[in-house]
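Chemist: I would like the atomic coordinates for the input below:
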Amino acid sequence: MTLPVYYMLFGVLAMDGPAVLYELLYGLPFIMTGLLVWRMRSKKALIIVALAWMSHGFYDFYHDHFFLNPGVFNWYPAFCAIVDVTVGVYLLIYYKCVFSNKII
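Modeler: Numbering: from 1, shown residues only. Purely as a prediction, here's the structure:
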């Protein structure tokens, strides 16, 4: 849920209003998914979080193709993409191990 907020803060640091608005609009699906999954009480919530996290990694990878946010460091989208996809894959593996009665 906090992942899109970092990009918005980069826009605030650059004092670029349109970038903050674009980051909010592009980040809204991730924020809404986080809020909805937070309210869920099922095993599938972990899968949804993992898939959303991985999709945010793909968003990071293509971030500069959507629009330019001058406050974002050059290295940050690639770094965040690697972290996001790694965390998403870990959550999927965790789900498989926990709910198939195997211990990690």
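Chemist: any chance you could map the helices in this protein?
Modeler: 3-13, 17-39, 44-61, 63-66, 76-99 (DSSP state H).
Chemist: for residue 52, give its distance to residue 13.
Modeler: As for residue 52, its distance to residue 13 is 25 Å (criterion: C-beta to C-beta, to the nearest Å). C-beta coordinates here come from the backbone N, C-alpha and C atoms, glycine included.
Chemist: I meant to write residue 90 there.
Modeler: Residue 90 is 30 Å from residue 13, by C-beta to C-beta.
Chemist: next one: stretch 80-90 to chain centre, how far?
Modeler: 9 Å (C-alpha atoms, centre = their mean, to the nearest Å).
Chemist: show me what counts as buried in it.
Modeler: By neighbour count with 16 or more other C-beta atoms under 10 Å, stretch 80-90 contains the buried residues 80, 81, 84, 85, 87, 88.
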